[in-house]
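Q: pasting the sequence and the predicted coordinates here, then a few questions.
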Amino acid sequence: MQSLGTLEELPQEYRDNLTDLNLVPLWPSMRALLPYKVPSRNTQTLNWRYESVRPLLMEAGELTPMEKAERRVLVLANPGHGLTNMQATPSIYLGLQLILPGETAPNHRHTPNAVRIIVEGEGAYTTVDGEPCRMERGDLILTPSGKWHEHHHEGEGPIVWLDVLDLPLIYRLEGSWAIEGEPQPNSRARDRSFAEYSAAGVVPNIGFKRESTDSPLLRYPWSRTRACLTEMAEHYAEGLLRISYVNPETGTSLFPSIGFGAIMLRPGETALLPRRTTACVFHAVEGAGTLQVDAGEALSWQARDTLSAPGYSEIVLTNASDSEPAFFITADEEPLHQYLGIF
Ligand code: 1HN
């Protein structure tokens, strides 16, 4: 490939004249903007180990009362994107949120889409547009763009969950905003959407066509996902055991931006994931093992850890146990890549 002219080759006076008029020459940056065949990726491979994060999160519980935080969160920031930009991948924000017994995170709604994956604790619930959703370990709970949500904790110990939002994307689109609201009345029965939509292939006949394109199912319990993967393993002695979380009415991804999935590793399994364009987040729900990207350093992980990996890479996951399966919930940017035609 032909090498192109650099900035330094241009007379300083010419460069200054360009700057004065808010102009930039393209050719010195052309190759950086369009690298040969593989994009440049800022997403670093890393593991936010829960056992390291947890003490600092609990300390936040002592240092900062709920009234001073609104959401008491430590953000899992990928240094490749700049820590203060709070990005795990180009479009995915991750944070570990702590609520102590008796605390409430006040009602609000905003333009970014959010999912919570429960990491530790019981007795909390989140109310989404009037529907209280129970929070149990490994559950995935949706708050799609624009839906009211508030969190309550009536259990004994702390509750911690992983927030996954498309905030970096929506923020850069200059579309991120929120409004606060009064506490919601419980206008719908507890886990009603779960009752209506949790049997695969069966949806409620409500007598009219739902207009909303959001998933009508708000809580995807871990017990169901785990049972599905375990049953798939009975049928497939080999091959990647992976499911996608979808809108039960349309079969499409939960959000237009982020796609969610789950992976099971059989006891002792080493799984080579098919190479994909999108960066990916792995949250370990059960087990322990390693994650290796492009034959680099193998990172060890255990249950409750959260890891990131860049796109266009070869990812190898191992399960260290010879007797127990391991499970991940994943988040990636596949829906966006599909929509943009770059997947
Ligand atoms: C948010 O609304 C929550 O509702 C958590 O629990 C994390 C991070 C950025 C912006 C909004 C929540 C958030 C957030």
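A: Looks like it came in fine. Numbering: from 1, shown residues only.

Q: around the ligand, which positions in the stretch 101-250 of the chain sit nearby?
A: Proximity of the stretch 101-250 of the chain to the ligand, by C-beta under 6 Å from any ligand atom, involves residues 105, 110, 114, 149, 163, 165, 167. In this view, the C-beta of every residue, glycine as well, is placed from N, C-alpha and C.

Q: closest to the ligand among those residues?
A: The nearest member of those to the ligand, counting by C-beta to the nearest ligand atom, is residue 163 at 4.3 Å.

Q: following the helix or strand hosting the closest one, which helix or strand comes up?
A: Here residue 163 sits within strand 159-165, counting by DSSP states H and E. Downstream of strand 159-165, the first helix or strand assigned by DSSP H and E is helix 167-172.

Q: and that following helix, C-alpha only, in PDB?
A: Taking C-alpha atoms only, helix 167-172 is exported to PDB below (Å, rounded to 0.1, in the frame of the first residue of the first chain):
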ATOM      1  CA  LEU A 167     -24.900   4.400  27.500                       C
ATOM      2  CA  PRO A 168     -21.600   5.000  25.600                       C
ATOM      3  CA  LEU A 169     -23.500   4.700  22.300                       C
ATOM      4  CA  ILE A 170     -26.500   6.800  23.300                       C
ATOM      5  CA  TYR A 171     -24.200   9.400  24.900                       C
ATOM      6  CA  ARG A 172     -22.100   9.800  21.800                       C
END
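
Q: quick check: buried residues in it?
A: Of all the residues in helix 167-172, those buried under the rule 16 or more other C-beta atoms under 10 Å are 167-171.

Q: so for it, mean pLDDT?
A: Taken as a whole, helix 167-172 carries a mean pLDDT of 98.

Q: what residues does that helix touch?
A: Residues from elsewhere that reach helix 167-172, judged by C-beta atoms under 8 Å, 6 or more residues apart in numbering: 81, 85-87, 89-93, 111-113, 176, 257, 336.

Q: again, only this time at 10 Å
A: Helix 167-172 has contacts (C-beta atoms under 10 Å, 6 or more residues apart in numbering) with 75, 81, 85-95, 110-114, 145, 165, 175-177, 256-258, 333, 336.

Q: off-centre distance for that helix?
A: A distance of 13 Å separates the centroid of the chain from that of helix 167-172, by C-alpha atoms, centre = their mean, to the nearest Å.

Q: and the next helix or strand past that helix?
A: Immediately after helix 167-172, counting by DSSP H and E, sits strand 178-180.

Q: alpha carbons only: can I get the helix or strand following that next one in CSV?
A: Going down the chain from strand 178-180, the next helix or strand is helix 192-197, by DSSP H and E. What follows is helix 192-197, C-alpha atoms only, in CSV (Å, rounded to 0.1, in the frame of the first residue of the first chain):
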residue,chain,number,x,y,z
ARG,A,192,-46.6,-10.7,35.6
SER,A,193,-44.7,-10.6,32.3
PHE,A,194,-42.8,-13.6,33.5
ALA,A,195,-46.1,-15.5,34.1
GLU,A,196,-47.3,-14.4,30.6
TYR,A,197,-44.2,-15.1,28.5
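
Q: next, the buried residues of helix 192-197.
A: For helix 192-197, the neighbour count (16+ other C-beta under 10 Å) marks 192-194, 197 as buried.

Q: include pLDDT when you put those residues into CSV, please.
A: Below are the buried residues of helix 192-197 laid out as CSV (pLDDT from 0 to 100):
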residue, pLDDT
192, 92
193, 92
194, 90
197, 89
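
Q: just the closest of the residues you listed to residue 297, please.
A: Ranked by distance to residue 297 (C-beta to C-beta), the buried residues of helix 192-197 are led by residue 194 at 40.7 Å.

Q: so who does that closest one touch?
A: By C-beta under 10 Å, 6+ apart, the contact list for residue 194 reads 131, 133-134, 139, 141, 217-221, 224.

Q: closest to the ligand among those residues?
A: Out of the contacts of residue 194, the member with the shortest distance to the ligand (by C-beta to the nearest ligand atom) is residue 141, at 10.3 Å.

Q: can you give me the helices for the stretch 201-343 of the chain?
A: For the stretch 201-343 of the chain, the helices defined by DSSP state H, counting those that start in this stretch cover 222-235, 334-340.

Q: who does the longest one touch, helix- and strand-wise?
A: Applying 3 or more C-beta pairs under 10 Å, 6 or more residues apart in numbering; DSSP states H and E, one finds that helix 222-235 contacts strand 241-244, strand 259-265, strand 280-286, strand 326-332.
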